[in-house]
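[1] What shape does this take:
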Amino acid sequence: MQAVDCQGTNSDVHPGAVETRNGIDDDCNGIIDDNAVDATVWYVDKDADGAAGTPTAPSCTAPEGAVQTAIDCDDNDPNVNPDATEVCNGIDDN
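    Residues are numbered from 1 along each chain as shown. Here you go, the predicted model:
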């Protein structure tokens, strides 16, 4: 069976169209904004210090505990992050 155009009034929306982050099912597969070419890569904040380092798969919405910027040089230590105070301890605290 051939795929059906899900929105005949919009020539940009049809089976095989490129999916973008716009709240529309551009490719008529029944899922809005799935695998959007302009989706955001999010970063998981594993140590919950407000800075992240581990990338996720691109997504239009943030997964729980994720942020947009990878800025944590040690995402396993909540005391090491860009807002930490640098002290003389042999560790790059910030």
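
[2] Would you list the phi and psi of Pro55?
    For Pro55, the backbone dihedrals (degrees, to the nearest 10) come out as phi -70, psi 150.

[3] now the strands for this structure?
    Secondary structure of the chain (DSSP state E): strands at 43-44, 54-55, 66-67.

[4] out of those, deepest packed?
    strand 43-44 (a mean of 21; mean count of other CB atoms under 10 Å). Just so you know, the C-beta spots here come from the backbone N, C-alpha and C atoms, and that holds for glycine as well.

[5] which strands and helices sit next to that strand?
    Using 3 or more CB pairs under 8 Å, 6 or more residues apart in numbering; DSSP states H and E as the contact test, the elements touching strand 43-44 are strand 54-55, strand 66-67.

[6] how about those strands, which one is nearest Gly16?
    Gly16 sits nearest to strand 54-55 of all the helices and strands packed on strand 43-44, at 28.6 Å, using CB to CB.

[7] Could I get the strands of the chain in CSV, plus columns for mean pLDDT?
    Shown next, in CSV, are these (pLDDT from 0 to 100):
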stretch, mean pLDDT
strand 43-44, 88
strand 54-55, 82
strand 66-67, 82
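
[8] In CSV, list the ones you listed along with distance to Val80.
    Output for these, formatted as CSV (distance: least, CB to CB, whole Å):
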stretch, distance to Val80
strand 43-44, 15
strand 54-55, 14
strand 66-67, 16
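
[9] so which of those gets nearest Asn35?
    Closest among the strands of the chain, once you apply CB to CB, is strand 54-55, at 16.2 Å.

[10] what about the closest one, distance to the chain center?
    9 Å (CA atoms, centre = their mean, to the nearest Å).

[11] Begin at 52, not 1, for the rest of this chat.
    In the new numbering, first residue 52, that becomes strand 105-106.

[12] contacting residues around that strand?
    The contact list for strand 105-106 (CB atoms under 8 Å, 6 or more residues apart in numbering) reads Val92, Trp93, Tyr94, Val95, Lys97, Ala121, Asp126.
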